[in-house]
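In: Provided below are the primary sequence and the corresponding predicted coordinates.
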Amino acid sequence: MDDPEVLNRIGTLVEQERELRERHGAEGLTEAELDRLHGLEEALDQCWDLLRQRRARREFGEDPSGAKPRDVDTVEQYEQ
């Protein structure tokens, strides 16, 4: 995925997350919807991580296409 594709994916995931969060606040979510929301959060973290990798590689003169998506467990363990 190149940067525009990653950013497009992030936009799609954010919109889906927003919709679920609005419904969660208004009427609540089913267990399946809560699982979906959690999955969206993880996918967003992975996309942002990939975008940061690509930008860092570019900044240091490396090929951004060498950036690879990391697994959820790795991305979720990062300290903020």
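Out: The structure has been received and is ready for your questions.
In: tell me, what residue is most central in the chain?
Out: Centroid-nearest residue in the chain: L44, 1.3 Å away (criterion: CA atoms, centre = their mean).
In: After the lengthiest helix in the chain, heading C-terminal, what element do we hit next?
Out: Secondary structure of the chain read by DSSP state H shows that its longest helix is helix 31-59. Using DSSP states H and E, the helix or strand that follows helix 31-59 towards the C-terminus is helix 72-76.
In: Name the residues of the helix or strand bottoming out on mean pLDDT in the chain that are buried.
Out: Least confident helix or strand, the chain: helix 72-76 with a mean of 91, by mean pLDDT, DSSP states H and E. Neighbour-count burial for helix 72-76 flags V75 (criterion: 16 or more other CB atoms under 10 Å). All C-beta spots, glycine's among them, are computed from the backbone N, C-alpha and C.
In: what's the answer for stretch 33-42, then?
Out: Neighbour-count burial for stretch 33-42 [16+ other CB under 10 Å]: 37, 40, 42.
In: Of these, which is the nearest to L7?
Out: L40 (16.1 Å; CB to CB).
In: tell me, how many neighbours does the closest residue to the closest one other than its chain neighbours end up with?
Out: Spatially, and ignoring its direct neighbours in sequence, L40 is nearest to E17 (4.6 Å; CB to CB, 6 or more residues apart in numbering). Neighbours of E17 under the rule other CB atoms under 10 Å: 17.
In: elements contacting the helix or strand hosting E17?
Out: E17 is part of helix 3-26, with elements assigned from DSSP H and E. Secondary-structure packing of helix 3-26 (3 or more CB pairs under 8 Å, 6 or more residues apart in numbering; DSSP states H and E): helix 31-59.
In: The helix it packs on - what's its average pLDDT?
Out: For helix 31-59, the mean pLDDT works out to 96.
In: Can you check what angle separates it from helix 3-26?
Out: Orientation of helix 31-59 against helix 3-26 (axes from the mean of the first three to the mean of the last three CA atoms, to 10 degrees) gives an angle of 150 degrees.
In: ok now helix 31-59, how far from the chain's centre?
Out: 2 Å (CA atoms, centre = their mean, to the nearest Å).
In: other SSEs contacting it?
Out: Counting by 3+ CB pairs under 8 Å, 6+ apart, helix 31-59 packs on helix 3-26, helix 72-76.
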